[in-house]
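Engineer: Here's a sequence, model it:
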Amino acid sequence: MSYMMQPRIVLLKEGTDTSQGVPQIISNINACQVVTEIVKTTLGPRGMDKLIHEGQNVTISNDGATIIKLLDIVHPAAKTLVDIAKSQDAEVGDGTTSVVLLAGSMLENVKTFIEDGVHPQVIIKGFRMAQAAALDKLREIAVQIDAKEQSATEVLMHCAGTAMNSKLISGNKDFFAKMVVDAVNHLDEDLDIDMVGIKKVPGGSITDSFLVEGVAFKKTFSYAGFEQQTKKFTNPKIVVLNVELELKSEKENAEIRLKDPSQYQSIVDAEWKIIYDKLDKIVASGAQIVLSRLPIGDLATQFFADRGLFCAGRVEGPDLQRVMRATGAVIQTSLNDLNEGVLGTCETFEERQIGGERFNLMTGCPEAKTATILLRGGANQFIEETERSLHDAIMVVKRASKHTKVVGGGGAIEMELSRFLREYSRTIHSKIQLIVAAYAKSLEIIPLQLCQNAGFDSTIIVNQLRAKHAQGSRWEGVDIENEGTVDTIKSFVWEPAMLKENALSAATEAACMILSVDETVRNARSQAHGATSQQHAMPGRGGR
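Structural biologist: Next comes the predicted model:
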């Protein structure tokens, strides 16, 4: 009986909540399904939008990554879906809703196996086998396009159009697809999308948006004398500064003690001489465009105007970086060594009125190719959603340019991989056969949800797709326009193969991670904020 007298061993601080075993895995799966339920109606060309109200900000979007970020999910397992949506958005730009749906569907289809006692590691092994087989098959059947042919632009436009099919601007997808492809084609070989700027100008029609083959930035705060400046230059020299050109700066940055009040005038004259010396050095350098990150005062503005120069102070950091990279200018923190080597240039510089705003436009930049898209439109929420849609399309076109294989959209590739995995599962002689078959069924969530969001009978159309894929119609997908099925390759519903590869990999990794967690330990301190309300709302663990 001595063992009954042993003291109780306490490993965790009092108040720490622990839950483990099968109930914990099921709880995590249920949490992920709640997130999936929220975003699944946004999938596809007929997907619905979500209006998220946060303080004074209202966001209208059907972009999966944007919605999940704004939801502020606190459940630790469900946060995994947030991470995969962010990674998909950063890596490919599109397919964020798809990756969340795939992960949620995988977990839903193996939930019964967990409840029946199948070990999670068996399921994880089956998932990894299915993922490897699916990715191999995807790479095998992906259609190779030649980006060097004349039709490459059309291929990229089809990819951009497919990415915008599910967005608010889907009605103008042809207009924006050409704009996006032209913007990406203007970049250097590294395709740095930071060199594609997007500026929003409220007012006008969405079709008033246009592409600037260069750098464009909004007119900065200006002083008297600005209107007298020259507003158009051809092949100008451009100097970029991090220097404040204001008279007051000299007075504030120096302390002088005088014994004779008559010396005060000489001090004032010295201050004026310092600022005029700076301005003379800039004019002597041959620069015609003066841009600075810091303010340019009224004295300097009038000085430059009298000499036919253009100046702009308080230029935003990202715009200044793009100007430097595009024109070849080197930012200067001192004016003592202004020479040809630090000056940039462009073919044309002009100030233009666009809507209610003025913009400074630089075109024909020699050093690095760049582009700027100026968006017009009515409501601010609509313009912001258009910006998010164009970002997704730009990322898709960038990937399609580098990785020249595409697959059919509209659920076609998912149905083909599902058919392949069903056949593959029959060659497996262990219980993993059931797991691979469940993985195959999970892929059907994409065409299924596309049908439901369009108001179609999903059972009929998905069964038609199964039959046609079994007969060898590899690229048969959902026809949103005519409520049926269609060859998505022939109808130009194309998506980069890399997008689907990344989505499958991310969704599988997320599902495996969630299945591998069988215990959650929550520190008492982390739940202290809601402890009082929880005690009133529900009894303790032992208080049944």
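Engineer: got any ranges where the chain has weak pLDDT?
Structural biologist: 1-20, 145-151, 224, 248-254, 367-368, 521-544 (pLDDT under 70).
Engineer: Pull out the buried residues from whatever helix or strand residue 130 lives in.
Structural biologist: For residue 130, the host element (DSSP states H and E) is helix 120-141. The neighbour-count check on helix 120-141 (16 or more other Cβ atoms under 10 Å) flags 120, 122-124, 126-127, 129-131, 133-135, 137-138, 141 as buried. In short, each C-beta sits where N, CA and C put it, glycine included.
Engineer: what's in contact with that helix?
Structural biologist: Helix 120-141 is contacted by residues 25, 106, 110, 113-114, 405, 407, 413, 416-417, 420-421, 424-425, 428, 431-432, 434-436, 438-440, 443, 474, 497, 500-501, 504-505, 508, 511-512, 515-516, 518 when judged by Cβ atoms under 8 Å, 6 or more residues apart in numbering.
Engineer: In three-state terms, label residue 376 for me.
Structural biologist: When classified by DSSP: H, G, I helix; E, B strand; the rest coil, residue 376 comes out as strand.
Engineer: circling back: which of the contacts of helix 120-141 count as buried?
Structural biologist: Buried members of these, scored by 16+ other Cβ under 10 Å, are 25, 106, 110, 113-114, 405, 407, 413, 416-417, 420-421, 424-425, 428, 432, 434-436, 438-440, 443, 474, 497, 500-501, 504-505, 508, 511-512, 515.
Engineer: Where helices are concerned, which of those count?
Structural biologist: Using DSSP state H, the subset of the buried ones among the contacts of helix 120-141 located in helices is 25, 106, 110, 113-114, 413, 416-417, 420-421, 424-425, 432, 434-436, 438-440, 443, 497, 500-501, 504-505, 508, 511-512, 515.
Engineer: Please, where are all the helices along the stretch 51-200 of the chain?
Structural biologist: Secondary structure of the stretch 51-200 of the chain by DSSP state H, counting those that start in this stretch: the helices cover 64-71, 79-91, 96-115, 120-141, 152-164, 173-185.
Engineer: Kindly report the same for the stretch 201-350 of the chain.
Structural biologist: So, for the stretch 201-350 of the chain - with DSSP H, counting those that start in this stretch - the helices run 248-252, 264-284, 298-306, 317-327.
Engineer: Now tabulate those in TSV and tack on mean neighbour count and distance to residue 463.
Structural biologist: Rendered in TSV, the data for the helices of the stretch 201-350 of the chain read as follows (neighbours: other Cβ atoms under 10 Å; distance: least, Cβ to Cβ, whole Å):
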stretch	mean neighbour count	distance to residue 463
helix 248-252	14	75
helix 264-284	14	74
helix 298-306	20	72
helix 317-327	20	51
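Engineer: Any idea which of those gets closest to residue 387?
Structural biologist: Closest approach to residue 387 among the helices of the stretch 201-350 of the chain (Cβ to Cβ): helix 317-327, 14.2 Å.
Engineer: by contact count, what packs against that closest one?
Structural biologist: strand 196-202, strand 214-218, strand 237-241, strand 344-345, strand 357-363 (3 or more Cβ pairs under 8 Å, 6 or more residues apart in numbering; DSSP states H and E).
Engineer: Can you add mean neighbour count and give those strands back as TSV?
Structural biologist: As requested, these are exported to TSV (neighbours: other Cβ atoms under 10 Å):
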stretch	mean neighbour count
strand 196-202	18
strand 214-218	22
strand 237-241	24
strand 344-345	23
strand 357-363	20
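Engineer: Columns distance to residue 388 on top of those, output as TSV?
Structural biologist: Formatted as TSV, the helices and strands packed on helix 317-327 follow (distance: least, Cβ to Cβ, whole Å):
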stretch	distance to residue 388
strand 196-202	10
strand 214-218	20
strand 237-241	30
strand 344-345	31
strand 357-363	21
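Engineer: Brilliant, that's me finished.
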